[in-house]
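**Student:** need a structure here:
(2 chains)
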Amino acid sequence: MIFTEILDKLKAKHEVLESKEDLGVLNAWVSAKKIKEVIGFLKNDMQFGQLSFVTAVDLMAANNIEMVYRLFSYETKSDVVIKVKLDRAKPEIETITSIFSTADWHERETSEMFGVKFLNHPDPNRLLLPDGIDMPLRKDFKCADMTPLPKV
Amino acid sequence: MTTKAPFELEKLSNDEYILNMGPQHPSTHGVLRIILKLDGEVVKDLYCDVGYIHSSVEKMCENKKYEMIMPYTDRLDYLSAVNYNWGYALAVEKLMGITVPERAEYIRVMLAELNRIMSHLLWYSAYGMDVGALTPIMYAFREREEVIDMIEGMTGGRLTHNAFRFGGFRNDLPKDFMDSLKKFIGHFNDKIDEYEALLINNIILTARTIGVGVLSKETAINYGVTGPSLRGSNCAIDLRKTAPYSIYEKFDFKACVGKNGDTWDRLKVRMDEMRESTKILKQAMEGIPAGDIMAKVPKIIKPAPGEVYTKVESARGEFGVYIVSDGTDKPYRIKFRSPSFSNLSVLKEITIGSKIADVVAIMGSLDLVIPEIDR
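**Tutor:** Residues are numbered from 1 along each chain as shown, chains lettered A, B, ... in the order given. This is a model prediction of the structure:
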């Protein structure tokens, strides 16, 4: 499926705030409230059976945390990227664990790395990090180990 | 890493108890902790505790120039390092629009397939040890040594090989590479038969693995399981076939699949895959053209703003690299999608209800490498 086709089908059912083509792949921005419906629609009605990964990008200049959901369809061999802009001060989004079980761990990782809160997550514990390190993948993260040693 | 106990002791019934497995357990091949809730010998529930060797590779990479990131990728999965280098090189090449010369593509395929064989041989040896067979390692390491010697000649490394450059290679294949490869291909298929007779078709192993840890196709896809673990569930998804990268379209090979999705099928798929890799190696050896091994690449790697996701079929499954570039010489965001991460998450689903000794057999069949889970 080419990206215009996916976009048309997606637009017919759900509101797409913004969209662009990046190296042949559709990037569509949707609102945080609609994420569960959009991902469910892509999986059930458009054969996007695999959730490749879930992650986030810290857009500090725009004061946003951008969620990235990448899906792949084994049937049509096409990719689609769904993005959601969240407020950097209080990033909150509904979990999609009930649609894709693999989202469980990916969301837990995103949660501790970027401070995104996943609502209704079945196991909202830390995955990789020990206690005491918060949001290391945010751009303003400071750690004593990251300052270079003085020149002798 | 969890600081909270996953199971509450007060809620256990009289027959149930908690068993801690790891983080230092020989069958986890790294530091992975599994907390088991048992009733006698039967596993009632399971919780994976990962993150013991988390080193924040993604954060380190965001503070490094594109060229400097390459050695980090092969340390994610030290057993199939070539494929990880490749995944990252592909991402930057796609972002910058670099076309790799054909000879370099052939060399890449040969290295990747040798590396796949090397990784599967180590898995075979380790799996034998996990289930109590101490002899197979002696046989598998004999051939693995040959493969390592070949890769060492080309890359200079025996474990974390690092020969990939953006656009191809710096050095061509060493002179004796083709002779060694020819010799290796000549006798390797017979050796695989020997391995199968020794371990895979052994009556004790089949009794321990057939019908154990059944993973259905739907569950596997839902959990994002990829690679041989997915193909064992009768699902012919191999990125070299379904989403071909590089020159894999030119080769004649098949995606090996299992029938029932049990532990034995996952073992068998890996053995068959080594045969297919040998087939690819043979075709690559015959078809390799002469010519350049390096494309024209700018001295300073500065991709235009944009983002890219590339994936390769590593020995364990889909390894993906997601890069967001902001136009500088360092990536703004880099994410490694590692296959073992998703493959481990399905462990709970397929282990509940089986015996405690089967946990080791099932976990080994997923072929986990911990550094790529923790990153």
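**Student:** host element of residue 19?
**Tutor:** In the absence of a named chain, this looks at chain A. Using DSSP states H and E, residue A:19 falls within strand A:18-22.
**Student:** the chain in question should be chain B.
**Tutor:** Short version: residue B:19 belongs to strand B:16-21, going by DSSP H and E.
**Student:** tilt between the helix or strand following the strand holding residue A:19 and strand A:18-22?
**Tutor:** Using DSSP H and E, the next helix or strand after strand A:18-22 towards the C-terminus is strand A:25-29. If you take axes from the mean of the first three to the mean of the last three CA atoms, to 10 degrees, strand A:25-29 sits at 160 degrees to strand A:18-22.
**Student:** now do strand A:25-29: which elements does it pack against?
**Tutor:** helix A:3-13, strand A:18-22, strand A:79-87 (3 or more CB pairs under 8 Å, 6 or more residues apart in numbering or on different chains; DSSP states H and E). In short, each C-beta sits where N, CA and C put it, glycine included.
**Student:** pick the most deeply packed of the ones you listed.
**Tutor:** strand A:79-87 (a mean of 20; mean count of other CB atoms under 10 Å in any protein chain shown).
**Student:** quick one: low-confidence parts of chain A?
**Tutor:** For chain A, the stretches with pLDDT under 70 are A:1.
**Student:** interface residues of it facing chain B?
**Tutor:** Within reach of chain B by CB under 8 Å from any CB of the partner chain, chain A has these residues: A:22-23, A:25, A:49-53, A:55, A:57-58, A:68, A:70, A:72, A:74, A:77, A:79, A:81, A:100-102, A:104-105, A:125-131, A:136-137, A:141, A:146.
**Student:** how about the residues of chain B near chain A?
**Tutor:** By the rule CB under 8 Å from any CB, the part of chain B lying against chain A is B:1-4, B:50-51, B:54, B:56, B:58-59, B:62-63, B:94, B:219, B:221-224, B:237, B:242-243, B:306-309, B:311, B:318, B:320, B:322, B:324, B:332-333, B:335, B:337, B:341-342, B:345, B:349, B:374-375.
**Student:** again, only using 6 Å
**Tutor:** B:1-4, B:51, B:54, B:56, B:59, B:221-224, B:237, B:306-308, B:324, B:333, B:335, B:337, B:342, B:345, B:374 (CB under 6 Å from any CB of the partner chain).
**Student:** which of the residues you listed count as buried?
**Tutor:** B:1-2, B:51, B:54, B:56, B:59, B:221-224, B:237, B:307-308, B:324, B:333, B:335, B:337, B:342, B:345, B:374 (16 or more other CB atoms under 10 Å in any protein chain shown).
**Student:** tell me which residues in the strand holding residue B:19 are buried?
**Tutor:** B:16, B:18, B:21.
**Student:** now swap in stretch B:237-248 and tell me
**Tutor:** Those would be B:237, B:238, B:239, B:240, B:243, B:245, B:246, B:248, for stretch B:237-248 by 16+ other CB under 10 Å.
**Student:** list the contacts for residue B:329?
**Tutor:** B:65, B:302 (CB atoms under 6 Å, 6 or more residues apart in numbering or on different chains).
**Student:** show me where chain A has helices.
**Tutor:** With DSSP state H, the ranges of helices along chain A come out as A:3-13, A:35-45, A:103-114.
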